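**Student:** When you get a sec, could you give me coordinates for this:
(one chain, ligands or ions: 2)
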Amino acid sequence: MEYITAGESHGPELTAIVTGVPAGLVISEEQMNSDLARRQGGYGRGGRQTIERDTVRVTGGLRFGRTLGGPIGLSVRNRDWVNWSDRMAPFGQPPADLKREVTPRPGHADLVGALRTNTDDCRNILERASARETAARVAATGIARELLAELGVEVFSYVVSVGDASMDEDDFLAKAPTYTPLDIELSEMRCPSARATESMKAAIDRARAAGESLGGTFRVVARGLVPGIGSYASAGERLTARIGAALFGIPAIKGVEFGLGFEAARRPGSEVHDPIVLEGAEGFQRSSNNAGGLEGGMTNGMPLVVTVAMKPIPTLMRPLDTVNLDTLEVEQASKERSDVCAVPAAAVVAEGEVAFALANAYLEAFGCTNMTDLKASVKSYKQRLRTMSR
Ligand SMILES: Cc1cc2nc3c(=O)[nH]c(=O)nc-3n(C[C@H](O)[C@H](O)[C@H](O)COP(=O)(O)O)c2cc1C
Ligand SMILES: C=C(O[C@@H]1CC(C(=O)O)=C[C@@H](OP(=O)(O)O)[C@H]1O)C(=O)O
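**Tutor:** Ligands and ions are numbered 1, 2, ... in the order given. Got it, this is the predicted structure:
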């Protein structure tokens, strides 16, 4: 499967086209809309989310709630468009009073994008660099979630830290797969710890009051995976590389750790690698999950556990210095309506990206024209694995 999106933050709508989806996959409009709503949420978001009510409109590829096997067209409307239709008009002339964006924000794509594309208006860059685009990604990757769900795979995420406010996890890899999506959704920070949620919210309140912004870390978990998805054989087939690339494709993501991650580099081998055990009907298992579910670029049957770091939001209400593109004088960077912290939202986007990478790996391993054959193929693979552990 592949997806591509089009659309600007304050344009009429965001569009996604998803190709390579097997026929016969049941798609739930409610599920897609609930994921879109989760992406809009989380403590720390800005005024834009009070305007938008993201819902998906399907423009092709589905009939009676099932995929037909052709490209799937999806669109998410920008309700804010009515306030921008003159400044963002696809045709015609700019309004006489158009204010160009000439004070690029450090940390955003503004300056480098303007240099690269030869524009004197950073809006030409920021409109597409904006993470508003991730609404279309959540819709597109929702297809992969549905596919995985039919194969018994569940993908969810939770927030681990915001700034220096963090969950207290004694043995996070052991606990990570035991949380449930319900534990997480009940909290405004999408964090399973009530105490940590309160300290994260307080940190966001302090940042907002100080004209600051915050990043943080979140974890994505996938349960129910069969071992052997992905491959050790070539660089581009390694699931580690593919999931890493998908996560680094999300704006503001600056670090990805699989399992123990950087901590593994500090420990001796005997305290990192996960002993192999044989457990009756379960077959080959691991007594720990420091690898985070991947070995040799493949799933090993344990839950996939990926921890992701997001940098603080670049737009600051107490802005940093920048250089005015017109006058070449030092000025303060532009400040516009912005999120203070979007870690919970980024976590929802990341769930989708991980689901998409995993679903593709399943399709490569088991074939991909229709769901009946795909499910039969996964079932017979599981049966073969059982015979290998008896
Ligand atoms: C869900 C989400 C919401 C974001 N909201 C904002 C925002 O309101 N203001 C802002 O300046 N950056 C925001 N960002 C971050 C910028 O989009 C990102 O920093 C920018 O595109 C530059 O890319 P880079 O950080 O990968 O270098 C958000 C990112 C995500 C994932
Ligand atoms: C619109 C969304 O996020 C936007 C991402 C974003 C950025 O620079 O990345 C800047 C802000 O845009 P605006 O200036 O319109 O408020 C965020 O609100 C969204 O996630 O739906």
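**Student:** got the residue ranges for the helices in the stretch 51-200 of the chain?
**Tutor:** Using DSSP state H, counting those that start in this stretch, the helices found in the stretch 51-200 of the chain span residues 110-117, 123-129, 134-150, 172-175, 181-185, 194-209.
**Student:** Quick one: closest of these to ligand 2.
**Tutor:** helix 134-150 (5.3 Å; CB to the nearest ligand atom). Placement of C-beta: from N, CA and C, glycine included.
**Student:** list the buried ones in that closest one?
**Tutor:** Neighbour-count burial for helix 134-150, counted by 16 or more other CB atoms under 10 Å, picks out 134-150.
**Student:** for that helix, what is the average pLDDT?
**Tutor:** Taken as a whole, helix 134-150 has a mean pLDDT of 98.
**Student:** Just confirm yes or no for that helix near ligand 2.
**Tutor:** Yes - residues of helix 134-150 contacting ligand 2 under CB under 6 Å from any ligand atom: A135.
**Student:** So what's the gap between that helix and the chain middle?
**Tutor:** 10 Å (CA atoms, centre = their mean, to the nearest Å).
**Student:** what does stretch 315-322 rub up against?
**Tutor:** 103-106, 108, 111, 208, 210-213, 330-336, 338-339 (CB atoms under 8 Å, 6 or more residues apart in numbering).
**Student:** Do you have the helices of the stretch 201-350 of the chain handy? List them.
**Tutor:** 239-248, 343-366.
**Student:** returning to that earlier point: between the helices of the stretch 51-200 of the chain, which one is nearest to ligand 1?
**Tutor:** That would be helix 123-129 among the helices of the stretch 51-200 of the chain, by CB to the nearest ligand atom, at 4.4 Å.
**Student:** Now look at the closest one and say if it contacts ligand 1.
**Tutor:** Yes - shown here: helix 123-129 in contact with ligand 1 (CB under 6 Å from any ligand atom) through A129.
**Student:** For that helix, name the packing helices and strands.
**Tutor:** helix 110-117 (3 or more CB pairs under 8 Å, 6 or more residues apart in numbering; DSSP states H and E).
**Student:** so what's T369 up against?
**Tutor:** T369 sits next to 22-23, 69 when contact means CB under 8 Å, 6+ apart.
**Student:** ranking these by neighbours, who comes first?
**Tutor:** P22 (22 neighbours; other CB atoms under 10 Å).
**Student:** Kindly list the main-chain dihedrals of it?
**Tutor:** Backbone torsions for P22, taken as degrees, to the nearest 10, come to phi -60, psi 150.
**Student:** ok, it - contacts?
**Tutor:** 67, 69, 147, 363, 368-371, 374.
**Student:** what's the closest of these to ligand 2?
**Tutor:** Once CB to the nearest ligand atom is applied, the member of the contacts of P22 that ends up nearest ligand 2 is L147, at 24.7 Å.
**Student:** For the residue nearest to the closest one when sequence neighbours are not counted, the count of nearby residues, please.
**Tutor:** Leaving aside its chain neighbours, L147 sits nearest to A359 (4.7 Å; criterion: CB to CB, 6 or more residues apart in numbering). When neighbours are counted by other CB under 10 Å, A359 registers 27.
**Student:** same deal with the one 4 residues further on?
**Tutor:** Burial measure for L363: 19 neighbouring residues, criterion other CB under 10 Å.
**Student:** Isn't it up against L25?
**Tutor:** No - L363 is beyond contact range of L25, at 11.0 Å (criterion: CB atoms under 8 Å).
**Student:** average model confidence for stretch 98-106?
**Tutor:** Per-residue scores along stretch 98-106 average to 98.
**Student:** if you take the average position of this protein, which residue is closest to it?
**Tutor:** A350 (1.8 Å; CA atoms, centre = their mean).
**Student:** Tell me the confidence at it?
**Tutor:** Looking at A350, its pLDDT is 98.
**Student:** Who is the closest residue to it other than its chain neighbours paired with across the strands?
**Tutor:** Leaving aside its sequence neighbours, A350 sits nearest to V220 (CB to CB, 6+ apart; 5.1 Å). Beta-bridge partners for V220, by DSSP bridges, are S157, V306.
**Student:** Look up how far A346 lies from the closest residue to ligand 1 within the stretch 1-150 of the chain.
**Tutor:** At 3.3 Å from ligand 1, A131 is the closest residue in the stretch 1-150 of the chain, using CB to the nearest ligand atom. A131 is 8 Å from A346, where distance means CB to CB, to the nearest Å.
**Student:** anything in contact with each of those two?
**Tutor:** 250, 252.
**Student:** of these two, who's got more company?
**Tutor:** Set A131 next to A346 and count neighbours by other CB under 10 Å: A346 wins out with 27 against 18.
**Student:** give the contact list for that one.
**Tutor:** Counted by CB under 8 Å, 6+ apart, A346 has contacts 131, 134, 218, 250, 252-253, 308, 310.
**Student:** For it, give me the pLDDT.
**Tutor:** Looking at A346, the pLDDT reads 98.
**Student:** ok, which residues in the stretch 151-300 of the chain are in contact with ligand 2?
**Tutor:** Going by CB under 6 Å from any ligand atom, the residues of the stretch 151-300 of the chain near ligand 2 are P251.
**Student:** What parts of the stretch 151-300 of the chain come near ligand 1?
**Tutor:** Counting by CB under 6 Å from any ligand atom, the residues of the stretch 151-300 of the chain that sit close to ligand 1 are 250-252.
**Student:** so how far is L151 from the residue nearest to L147?
**Tutor:** Taken as CB to CB, the span from A359 to L151 is 8 Å.
**Student:** Please apply the same query to T327.
**Tutor:** Distance from T327 to L151, counting by CB to CB: 58 Å.
**Student:** So these two - more neighbours on which side?
**Tutor:** Using other CB under 10 Å as the criterion, T327 and L151 rank with L151 on top: 19 against 10.
**Student:** ok, now which ones touch the nearest residue in space to the more buried one that is not next to it in sequence?
**Tutor:** Nearest residue to L151, sequence neighbours excluded (CB to CB, 6+ apart): V378, at 5.5 Å. Applying CB under 8 Å, 6+ apart to V378 gives the contacts 151, 226, 362, 366.
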